[in-house]
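Asks: just need the structure, nothing else, for what follows:
(5 chains, ligands or ions: 4)
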Amino acid sequence: EGERFVLVSHAPDSDSWWNTIKNAIALAGEQMDVTVEYRNPPTGDLADMARIIEQAAASGPNGIIATIADFDVLKGPLADAVDRGIPVITINSGTVEQSKEIGALLHVGQPEYDAGFGAGEQAKAAGVTSFLCVNHYITNPASVERCQGFADALGVELGNQMIDAGQDPGEIQSKVAAYLQTNPDTNGILTLGPTSAHPTIAALNATGQAGAIFFGTFDLSTEIAAAVKDGTINFAIDQQPFLQGYLPVVVLTNLARYGVVPGNSINSGPGFITKDNIALVEQYAGQYR
Amino acid sequence: MADTPLIELIDIKKQFGPVIALNGVSVSVMPGECHCLLGDNGAGKSTFIKTMAGVHKPTSGEIRMNGKSVSFADPREAMNAGVATVYQDLAMIPLMSVTRNFWMGREPRRRFGPFQFLDMDRANRITLEEMRRMGIQLRAPDQAVGTLSGGERQTVAIARAVYFGAKVLILDEPTSALGVRQTANVLATIDRVRKTGVGIVFITHNVRHAMAVGDRFTVLNRGKTLGTALKGELQPEQLQDMMAGGAEMAELSSSLGGTV
Amino acid sequence: MADTPLIELIDIKKQFGPVIALNGVSVSVMPGECHCLLGDNGAGKSTFIKTMAGVHKPTSGEIRMNGKSVSFADPREAMNAGVATVYQDLAMIPLMSVTRNFWMGREPRRRFGPFQFLDMDRANRITLEEMRRMGIQLRAPDQAVGTLSGGERQTVAIARAVYFGAKVLILDEPTSALGVRQTANVLATIDRVRKTGVGIVFITHNVRHAMAVGDRFTVLNRGKTLGTALKGELQPEQLQDMMAGGAEMAELSSSLGGTV
Amino acid sequence: MVDQPPGAPTADERVQRQSTLRRAFVRPELGAMAGTVLVFIYFAIVAGGTGMFAADGIMNWGVVSAQFAIIAVGACLLMIAGEFDLSVGSMIGFAGIVIALLSVHLGWPMWASIIAAFIVAMLIGAANGYLVIKTGLPSFIVTLASLYILRGLTIYLSISTTRQTIIGGVREAAQGDWLATLFGGKVLGFIFYWLADMGWIATFQAGNRAGQPVVDGIPMLMIWAIALIIFAHVLLTRTRFGNWIYAAGGDAKAARYVGVPVDRVKIAMFVFSAFCATIFAACQVMEFGSAAADRGLLKEFEAIIAVVIGGALLTGGYGSVIGAALGALIFGVVQQGLFFAGVESSLFRVFLGVILLLAVILNTYIRRLITGER
Amino acid sequence: MVDQPPGAPTADERVQRQSTLRRAFVRPELGAMAGTVLVFIYFAIVAGGTGMFAADGIMNWGVVSAQFAIIAVGACLLMIAGEFDLSVGSMIGFAGIVIALLSVHLGWPMWASIIAAFIVAMLIGAANGYLVIKTGLPSFIVTLASLYILRGLTIYLSISTTRQTIIGGVREAAQGDWLATLFGGKVLGFIFYWLADMGWIATFQAGNRAGQPVVDGIPMLMIWAIALIIFAHVLLTRTRFGNWIYAAGGDAKAARYVGVPVDRVKIAMFVFSAFCATIFAACQVMEFGSAAADRGLLKEFEAIIAVVIGGALLTGGYGSVIGAALGALIFGVVQQGLFFAGVESSLFRVFLGVILLLAVILNTYIRRLITGER
Ligand SMILES: Nc1ncnc2c1ncn2[C@@H]1O[C@H](COP(=O)(O)OP(=O)(O)OP(=O)(O)O)[C@@H](O)[C@H]1O
Ligand SMILES: Nc1ncnc2c1ncn2[C@@H]1O[C@H](COP(=O)(O)OP(=O)(O)OP(=O)(O)O)[C@@H](O)[C@H]1O
Ligand SMILES: [Mg+2]
Ligand SMILES: [Mg+2]
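Replies: Ligands and ions are numbered 1, 2, ... in the order given. This next block holds a predicted model:
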């Protein structure tokens, strides 16, 4: 009863995608009667994240849940925590192999490159030959991997097709519009989350290209769900972040209480949300989905 | 000279935290009179006239204008009451044009529907005219003050004060940064202004400058009035002594040839 | 007085972009002499002594020390050659302590293995001593200069120059911001320093100050030498006239009572 | 006071005359004007054929420039008044979240939420100003503190009330609100339809808006930018208050002596800066239908850069709104132009830095000519 | 010069005497010292039982503080010399990428890559300084331009060569390199083993390192921080050059007149600031085995905040390295302490802003007492 777990993410304070995970751990905490603390580097600096993991370990929790945003950076601190006898579960980014090497119990997540690659395969099937990857967070390595995976699946060079969009929605919209105007043969778009997806939807609406361009995005939000419904967005990649927050808490609690733990890693995604299955998702988009 | 002073300050005290800058100073100014305020550095001259001009509020003491007790909340009020000041540190902004400096704080305006706009034409015209009257030929009214010489800046400041109908014009060491010729110019200007009936408070270190234009002399020392005298009642040497405390001076000046 | 001048500047010209600040100025300084440099504002006095002190490089002209032609790349070189300057704008840093200001640019050092550290004890001791010699009692050597009065700061600057073995000491209007008593103090200091055989270049606007301590007088006007005279050759009034251009002055001063 | 500049106005044989032609050209905005011309020429050459100068291309960089201009105007007046505000970016995020929280989460009517956001933001601006004035601290420090405090509060507020850092649904809440249309809508659409009918601007060829003109109105954002520029320009050059702004920044003490209420002027400019940030936030929230806690990141620098490119003096007392607006235009054109020209987009920051440096060197030179500053 | 402060040293009946006790306490670092004590007391109360003050807890905030201290030292000397550097954060990212690119991508030996990064970074620092000196522009503008240029170059370089913004594999490349251990390793491990044997610090309970102490050495990062603090402190207070740094920042013109080579001093401080940033980057790259283009974001502000909390004057000429180090300590303790205390992490910025404001008000008061400034 009353165990304390710490979840450490790599996301900057303002990253909205992590709300779902925060909501999930809050829910799981309530249900299992444990405390789960959410921590993150305020600016998204991974070096700071490593410090936070060290700090979390020093505070002696019953378990640590962390992303492997960068294996090199986080291997040390996470392995240290394992060595202290703290159970660790890795989530979100990173691969199962990396998770094993660290000595974590299991990994709940979706590797970024593979997710991008999966999206690319769908796009290829739809006949995309030239695309635009709207990267609103280019300084984050995972974001580049998604675009790279997409390009590799299409079998094209990434090159200038990934743009550094910045985080200001007005500018993102203008940049997307400018790109599409100068590269009229573009027939696919990949956005990396709500921050870039919303302005891109606006840009497509403004230029009348909504629905004409194959449009995939990562993650979900109310606006994205609506766009999936009206056909502007062809699919949203859902890595079901809820599970990434909820499952580790449940697993760690049960481990602490009864010593039981699943033997294998869990792939929470990629799940593709399209017009067909949107209804289910829509209700909780941005909160639990 | 009329009988009621234009402005009268009675037993003014002013304290800044632990520093007592003024410890009971009384001065009055008659119309058309040039009242010289003399004193060593730190005697409190600047503090005193800032009190007169509404920059500082006196800790105690009374200010009377035309016999009525007044209290200035800020420099604007003092200006509106007719007390204009040309500060030692000049109050000119080098980056701004002569016109904008000239009118600063009292810009002329013109109604335009519900709005009031600057009347730039008028401002420019009057500035050029007033500066010409003071003997300065401006290249253009929007010339920056930073491009003027020190004497010219002093003149702009004086012209501004006079134009705005100053009844009492305070000049804080207007000649201290100037050369001989420019000094003579400024003294001539003072003389001219005095003759129009404006009361002048002229602050200086330089006894000879004071003797040249002063009608009355008040010497401050360490925050107190040492005394007031009319022109002719005092020799320059006496004034000099009062300012610096005779004994010490005598000793020093003898070793230097007595000419300080 | 010896026969070779300590320093001799011959036909110095200096131009800043379009402004010709010096247009052929020659001055020499003998040991133990106080050479006064007079001139109206903008005459080029500061520019001239900055050239002497190595701040500016002359556009043309020659500088000789003890008869040998020299050229100063920067103020350090001039200082090392024995030309020390107390600038009009003082060159004191109010935020720093008296000791650090005193030694600035020539800090005493002590070897410590391969390293050289500040010798703070010595620096403090000497500073206190030198200041006491000049008649100033410091609270502590690490007192900030910002807490000193203007006259005290001047004295620190002069003490510093003298301590560092200045052969030629240049003073740029050391009295312009001072009251009478502080002025007298500074003039006394000048007199004392001169008697030790140091050559002094004393710049001022004030003819009376110049007459008090000067041995020779050079008047600058608009970047040119108007002439040099020994003490006794000239009356103060003549100097005054030279500085400002006689005719104009006469007219003005008559209207003001002739006492300017 | 001590070293006087050459007494130019009286004929002086020691100063060579300046040509009148040169003087006629020498204005605070000159650098920005030259920059604007150069930038346009550059992009006309490298991106002339890419549609950058077609109607929709113009609208594209126009909107971005308008965004920059809105905050640049606020930063410009404040900088002329001698202060600056590093909290502009955080204020944008904060104001947006306040609007969204009040309207979506608490269900206030949209107009009330917007007005409340304006009031709160302007109060914070006033608090910034008050602190700067009362403590005498540099505005760099005070507004740096607000930068952190406001950003922290924004995230804390939105997370603690909605468990999200992005709050959507604003568009729905704004439906039919009179005040919301002032920030979100487009105007003058009929002109563009008419232009399209005349064949002067292109129409969509395909997609769900085929046949409509590619530009179907001027967004309110642009209207606001233009209105703010005109307002600030008139305020600065044509009113008494404008003279006080210059005076407060040029020399606060001198201004105070002649009766200029310097404190009030400076605080008012902090408030105006917050006001501009809130307009920016309101337009953005209305246009995109959502507010996010990370909006406005680094916008304070962008505002300052635009103003400085426009010829203002970082230390106050000198500058022009027209210059700041041109700075914003340069900023927008370069940012978008690089896309049109197909340049690797991460190089944008490099370009920006270089332009900033060149502009500011040119501006300094021009300023010295004008003011005799040395 | 005109309004003189009270002539304190000569007995003056117009100035009330200050108590000697008060004067004994009045030092530039006083504010930071008081702050440090307060912060420790606060966290001892709210987070005393959370392991924050156990060996590994101390190591945790110690390392974070050391990180801040490294860049704060550079920023401190530069600020005292009268300039500041907004490009520190970008420089950290840039230097890291240079090391990784050269060693991993181009296969240079690690020592050569590190040295090359130091050289390049210090040249850029020198260029910053040179521009500031030669153009007379405020360092705010010049280094703001470098902030953008360097960050842009960092992203561009890493993307155009490796198609990634993160470059891993540095640890492997550094294997056995003599210079790399200077930045990446840990020292004095034996002490901690001994302490663990004595039972004074905890050991790992499980895993492949069971039995080893939880802290097994002092990371080089801390050694660097301490070394830099000592070096800078001695340089500033005990050498001629240190006096020149104060002089250059206090009044560059005055310093120049007495022969202080102000330009060289200022440029040297820009170089030193770049040097510190590179040390930061090298330690980070070696410790984590990778470099990323987003490293160091906003670190320039954090460095400036630590220095200002430490009592330095933003406009130069006044400050102390000890103060800056204490500022960094406060920064680190508060940041990590809030995690220990379980406070909502978004409130960290709010705390930081408030601490900054309070510290700077206190420091201003202290400074005025010391310097007679008004
Ligand atoms: N704002 C202030 N705060 C504290 N002390 C002040 C302030 N203003 C002036 N003083 C002090 O009051 C005293 C008188 O100063 P004041 O400037 O009035 O002298 P002054 O006669 O004008 O000298 P000067 O001839 O140098 O202009 C000085 O000791 C000064 O330090
Ligand atoms: N760095 C400079 N650049 C351009 N012009 C300069 C510079 N320094 C001085 N001048 C000009 O050179 C001329 C002589 O100036 P200087 O300061 O030498 O005069 P001064 O005799 O010292 O005057 P004052 O009595 O006011 O100190 C002036 O016209 C001045 O404007
Ligand atoms: Mg005074
Ligand atoms: Mg001079």
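
Asks: just the strands in the stretch 51-200 of chain B please.
Replies: In the stretch 51-200 of chain B, the strands defined using DSSP state E, counting those that start in this stretch lie at B:60-65, B:68-70, B:83-86, B:109-112, B:115-118, B:168-172, B:199-204.

Asks: nearest to ligand 3, of those strands?
Replies: Across the strands of the stretch 51-200 of chain B, ligand 3 has its closest neighbour in strand B:168-172 (6.0 Å, CB to the ion). No exception for glycine: its C-beta is placed from N, CA and C like everyone else's.

Asks: report all helices and strands that that closest one contacts.
Replies: Under the contact criterion of 3 or more CB pairs under 8 Å, 6 or more residues apart in numbering or on different chains; DSSP states H and E, strand B:168-172 touches helix B:45-52, strand B:83-86, helix B:150-163, strand B:199-204.

Asks: tell me the angle of the first one relative to strand B:199-204?
Replies: This points to helix B:45-52. Counting by axes from the mean of the first three to the mean of the last three CA atoms, to 10 degrees, helix B:45-52 lies at 160 degrees to strand B:199-204.

Asks: does helix B:45-52 reach chain C?
Replies: No - remark: helix B:45-52 sits outside contact range of chain C, by CB under 8 Å from any CB of the partner chain, the gap being at least 9.9 Å.

Asks: angles on the backbone of B:Phe217, please.
Replies: phi -130, psi 130 (degrees, to the nearest 10).

Asks: so it makes contact with B:Leu226?
Replies: No - look at B:Phe217 against B:Leu226 with CB atoms under 8 Å: they stay out of range, at 10.2 Å.

Asks: which of those two has more neighbours?
Replies: Per other CB atoms under 10 Å in any protein chain shown, whichever of B:Phe217 and B:Leu226 has more neighbours is B:Phe217, with 24 against 16.

Asks: how would you label the residue most central in space within chain D: helix, strand or coil?
Replies: Per CA atoms, centre = their mean, the C-alpha nearest to the average position across chain D is that of D:Ala72, at 2.1 Å. Under DSSP: H, G, I helix; E, B strand; the rest coil, D:Ala72 falls in the helix class.

Asks: export the helices and strands packed on strand B:168-172 to TSV and append columns for mean pLDDT and mean neighbour count.
Replies: Formatted as TSV, the helices and strands packed on strand B:168-172 follow (pLDDT from 0 to 100; neighbours: other CB atoms under 10 Å in any protein chain shown):
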stretch	mean pLDDT	mean neighbour count
helix B:45-52	86	24
strand B:83-86	85	27
helix B:150-163	80	23
strand B:199-204	88	25
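
Asks: among these, which comes closest to ligand 2?
Replies: Between ligand 2 and these, the tightest spacing by CB to the nearest ligand atom is seen for helix B:150-163, at 7.0 Å.

Asks: need the CA coordinates for the closest one. PDB is fine.
Replies: C-alpha atoms of helix B:150-163 as PDB (Å, rounded to 0.1, in the frame of the first residue of the first chain):
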ATOM      1  CA  GLY B 150      27.800  73.200 -24.800                       C
ATOM      2  CA  GLY B 151      27.100  76.900 -24.900                       C
ATOM      3  CA  GLU B 152      24.400  76.500 -27.500                       C
ATOM      4  CA  ARG B 153      22.800  73.900 -25.300                       C
ATOM      5  CA  GLN B 154      22.800  76.200 -22.400                       C
ATOM      6  CA  THR B 155      21.200  78.900 -24.500                       C
ATOM      7  CA  VAL B 156      18.500  76.500 -25.700                       C
ATOM      8  CA  ALA B 157      17.700  75.700 -22.100                       C
ATOM      9  CA  ILE B 158      17.500  79.400 -21.100                       C
ATOM     10  CA  ALA B 159      15.500  80.300 -24.200                       C
ATOM     11  CA  ARG B 160      13.100  77.500 -23.300                       C
ATOM     12  CA  ALA B 161      12.600  78.700 -19.800                       C
ATOM     13  CA  VAL B 162      12.100  82.300 -20.800                       C
ATOM     14  CA  TYR B 163       9.700  81.500 -23.600                       C
END
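
Asks: chain center to the helix or strand harbouring A:Thr200: distance?
Replies: According to DSSP states H and E, A:Thr200 maps onto helix A:194-207. In terms of CA atoms, centre = their mean, to the nearest Å, the centre of helix A:194-207 is found 19 Å from the chain centre.

Asks: who does the helix or strand that comes right after that helix pair up with?
Replies: Using DSSP H and E, the helix or strand that directly follows helix A:194-207 along the chain is strand A:214-218. Strand A:214-218 sits in its sheet next to strand A:188-191 (parallel), strand A:235-238 (parallel), going by DSSP bridges.

Asks: what sits up against strand A:214-218?
Replies: With contacts defined as CB atoms under 8 Å, 6 or more residues apart in numbering or on different chains, strand A:214-218 is touched by A:115, A:119, A:122-123, A:126-128, A:131, A:146, A:187-193, A:196-197, A:200, A:204, A:224, A:227, A:232-237, A:239.

Asks: will you turn the strands paired with strand A:214-218 into JSON lines that also has mean neighbour count and mean pLDDT?
Replies: As requested, these are exported to JSON lines (neighbours: other CB atoms under 10 Å in any protein chain shown; pLDDT from 0 to 100):
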{"stretch": "strand A:188-191", "mean neighbour count": "29", "mean pLDDT": "92"}
{"stretch": "strand A:235-238", "mean neighbour count": "25", "mean pLDDT": "86"}
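
Asks: redo the ones you listed as TSV? Include distance to E:Arg368.
Replies: Formatted as TSV, the strands paired with strand A:214-218 follow (distance: least, CB to CB, whole Å):
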stretch	distance to E:Arg368
strand A:188-191	54
strand A:235-238	60
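
Asks: ok, back up a step: now the residue nearest to the centre of chain D, nearest residue through space, not along the chain?
Replies: Computed as CB to CB, 6 or more residues apart in numbering or on different chains, the closest residue to D:Ala72 that is not its neighbour in sequence is D:Ala306, at 3.9 Å.

Asks: list the contacts for the one you found?
Replies: Residues near D:Ala306 by CB under 8 Å, 6+ apart: D:Phe68, D:Ala69, D:Ile71, D:Ala72, D:Ala75, D:Ala324, D:Gly327, D:Ala328, D:Ile330, D:Phe331.
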